[in-house]
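Asks: Structure for this input, please:
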Amino acid sequence: MNQEYLESVRKQFEYYQMLGEKTIAQLGDDQLFWKYNEESNSIASIVKHLWGNMLSRWTDFLTTDGEKEWRNRDAEFDNDINGREDLLAKWNEGWNCLFQALDSLNESNWSTVIYIRNQGHSVMEAINRQLAHYPYHVGQIVFIGKMALDERWSSLSIPRGKSQNYNADKFAQPKARTHFTDEYIKK
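Replies: Numbers count the residues shown, from 1 in each chain. A predicted model of the protein is given here:
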């Protein structure tokens, strides 16, 4: 087991969790349910899908298939979340489930075969699969937030037109080894 890998993965997940939360915080309640068109998903639908996926994949991560019998994936895209509080409860429940599963990993269970839809994965493969999936959807959340807010959008990273100042500040500091998400998580 590689503890450095697990720490890195945790920071990656925390970074994407933070991006979603900072986007949601900027939006009014109505904007959480806005859809560009009928074929699009609202932020609420994406959150519900992430919640369903996270609970399915990470509940009993080491012992049961990641596609649980009780999961109803199609219903995850129904727009039936009852407001911001419900949305945030699902968001937090999903992320908490993920982090609890990561915290359960140790030397004795690292070689466990993880099944997702009856396909075997190493622990690392199963984690990486979700590390590719969740940023995809968080990116959708951010993009919808930017569309909904237009010029009122507040940048989550380096604001447009500020790259030179940002880089000048970074290069004025001594070199340091750090994980790329550290500075964003602290914002």
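Asks: I'd like to know how far Gln173 sits from Asn167.
Replies: Note on Gln173: its distance to Asn167, by CB to CB, to the nearest Å, is 11 Å. C-beta coordinates here come from the backbone N, C-alpha and C atoms, glycine included.
Asks: Between these two, which has more neighbouring residues?
Replies: Remark: of Gln173 and Asn167, Asn167 carries more neighbours, 11 against 7, as counted by other CB atoms under 10 Å.
Asks: Quick check: which element contains that one?
Replies: helix 163-171 (DSSP states H and E).
Asks: Need the residues that contact that helix.
Replies: Applying CB atoms under 8 Å, 6 or more residues apart in numbering, the set of residues contacting helix 163-171 from outside is Ile158.
Asks: mean confidence score for that helix?
Replies: Taken as a whole, helix 163-171 carries a mean pLDDT of 92.
Asks: For that helix, buried residues please.
Replies: Within helix 163-171, no residue counts as buried by 16 or more other CB atoms under 10 Å.
Asks: how far is it from where the chain is centred?
Replies: 28 Å (CA atoms, centre = their mean, to the nearest Å).
Asks: per-residue confidence for the nearest residue to Arg117 once chain neighbours are set aside?
Replies: Excluding the flanking residues, the one nearest Arg117 by CB to CB, 6 or more residues apart in numbering is Glu67, at 4.6 Å. Reported pLDDT at Glu67 in the predicted model: 98.
Asks: quick one, what contacts Glu67?
Replies: Contacts of Glu67 (CB under 8 Å, 6+ apart): Ser56, Ile116, Arg117.
Asks: In terms of helix, strand or coil, where does Thr178 fall?
Replies: Secondary structure assignment for Thr178 (DSSP: H, G, I helix; E, B strand; the rest coil): coil.
Asks: how much space between it and Gly28?
Replies: On the measure of CB to CB, Thr178 and Gly28 end up 35 Å apart.
Asks: So for the two, which sits in the more crowded spot?
Replies: Gly28 (11 against 8).
Asks: how about the helices of this structure, start to end?
Replies: Assignment of helices within the chain using DSSP state H yields the ranges 3-26, 43-58, 84-103, 123-149, 163-171, 182-185.
Asks: And the average pLDDT for the shortest one is what?
Replies: Model confidence over helix 182-185, given as mean pLDDT, is 54.
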